[in-house]
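Trainee: the sequence and its predicted three-dimensional model are supplied below.
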Amino acid sequence: MIYKKFFQATICTMIASISALTTHIYVMKWMQPYINAIIEQVTKEGINFNPDPSTYSWIVIGAAYLTAIAMIAVCVFLYYHAQHLIPGKTRFIKMLIVIAILFGIKGDLVRQPIMNFILSYESMDFFTSLKFVILNHIDQWVANIFLVICLVYLCPKKT
């Protein structure tokens, strides 16, 4: 029985991964000319795609906090209801496990840096590419580690 479920989960993982990645590739190919046209037009108008965070308006900052609160509320809900299923006797061990789970689920924390490294390595040397990826993603890694620390140490235990 356990082998059947493992086999089903493996098949599900393979089909979902292949279909999602294939869809991503074809949609990006389809959208790229439109995106390039918008970037070209905006660049001609002198709009900066990478503004200094100190120049963000209150609308941008407010939207960032609201969307972060929504995403973190889902994390708190899931952790609250599943914390008893996470192995480990100490909170520190639970924290390490939840960090691994979160990094595994959120592709922007592991998969995207790996893909960025591979793509940048084609035009840069190894260490420059590695430094680029680390500097580009360290804010996300640190923020998510702090999220997990807060989850494990501040979330109430389900009774």
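Mentor: Here it is on my side, so go on. Numbers count the residues shown, from 1 in each chain.
Trainee: point out where the protein drops to low pLDDT.
Mentor: 47-50 (pLDDT under 70).
Trainee: would you map out the domains in it?
Mentor: Listed domain ranges for the chain are 1-50, 54-159 (source: automatic domain parsing).
Trainee: helices of this protein, residue ranges please.
Mentor: Counting by DSSP state H, the chain has helices at residues 2-44, 58-82, 91-105, 111-121, 126-154.
Trainee: in TSV: those, plus mean neighbour count and distance to residue 51.
Mentor: (Glycine included, C-beta is placed from N, CA and C.) Formatted as TSV, those follow (neighbours: other C-beta atoms under 10 Å; distance: least, C-beta to C-beta, whole Å):
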stretch	mean neighbour count	distance to residue 51
helix 2-44	10	12
helix 58-82	12	9
helix 91-105	16	28
helix 111-121	14	21
helix 126-154	14	16
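Trainee: okay if I get the ones you listed as TSV plus distance to residue 52?
Mentor: Below are the helices of the chain laid out as TSV (distance: least, C-beta to C-beta, whole Å):
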stretch	distance to residue 52
helix 2-44	17
helix 58-82	12
helix 91-105	29
helix 111-121	22
helix 126-154	15
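Trainee: residue contacts, residue 95?
Mentor: Shown in contact with residue 95 (C-beta atoms under 8 Å, 6 or more residues apart in numbering): 148-149, 152-153.
Trainee: distance check, it against residue 106.
Mentor: Residue 95 sits 16 Å away from residue 106, going by C-beta to C-beta, to the nearest Å.
Trainee: give me the nearest residue to the residue nearest in space to the middle of the chain, chain neighbours excluded.
Mentor: Residue closest to the average C-alpha location in the chain (C-alpha atoms, centre = their mean): residue 108, at 3.0 Å. Spatial nearest neighbour of residue 108, chain neighbours left out: residue 140 (6.1 Å); criterion: C-beta to C-beta, 6 or more residues apart in numbering.
Trainee: do you know how far the one you found is from residue 55?
Mentor: 21 Å.
Trainee: appreciated, that's everything.
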